[in-house]
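Chemist: Pasting a predicted model and its sequence here:
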Amino acid sequence: MSKKVNHLKPIKAEMLPNLRLRITFNNNEVRYMSRFTKVDLFIQPLANTWIGNEIKILEDGSIMLNKLHIPYEAIIEQSTGYLEEENRTL
């Protein structure tokens, strides 16, 4: 049996500033993955950083971001309905 919750599937993905990924699902829900999620998807930026936007949604619901494969399960479990902010003490 598939783990896909309510058959959610990404239909659109785009990079936002500061290494955040905005994902739109087939039910029009918008969720975000950021560099602060549990999966180490991104490099730590020095300032506003852009790593490109070669994005492809694969048949299984996973996403290819440049040459990085983001599994469907990670997208569902670690994306949020809000943008996470970094809490840093300097």
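Modeler: Looks like it came in fine.

Chemist: Return the list of strands paired to the lowest-mean-pLDDT helix or strand in the chain, each annotated with direction.
Modeler: Ranked by mean pLDDT, DSSP states H and E, the weakest helix or strand in the chain is strand 68-70, scoring a mean of 89. Using DSSP bridges, strand 68-70 pairs in its sheet with strand 63-65 (antiparallel).

Chemist: who touches the partner strand?
Modeler: With C-beta atoms under 8 Å, 6 or more residues apart in numbering as the test, strand 63-65 has contacts from 10, 13, 15, 21, 23, 41, 51, 54-58, 69-70, 75. Glycine gets a C-beta too; all of them are placed from N, C-alpha and C.

Chemist: ranges for the helices of the protein?
Modeler: Using DSSP state H, the helices of the chain run over residues 72-78.

Chemist: these two touch, right, His69 and Ser62?
Modeler: Yes: the criterion here is C-beta atoms under 8 Å, and His69 meets it with Ser62 at 6.2 Å.

Chemist: The two: who's more crowded?
Modeler: Taking neighbours as other C-beta atoms under 10 Å, His69 and Ser62 compare with Ser62 leading, 16 against 11.

Chemist: since we're on the spatially closest residue to the more buried one that is not a sequence neighbour, how many residues are nearby?
Modeler: Take Ser62 and drop its neighbours on the chain: the residue closest to it by C-beta to C-beta, 6 or more residues apart in numbering is Tyr72, 4.6 Å away. Per other C-beta under 10 Å, the neighbour tally for Tyr72 reads 19.
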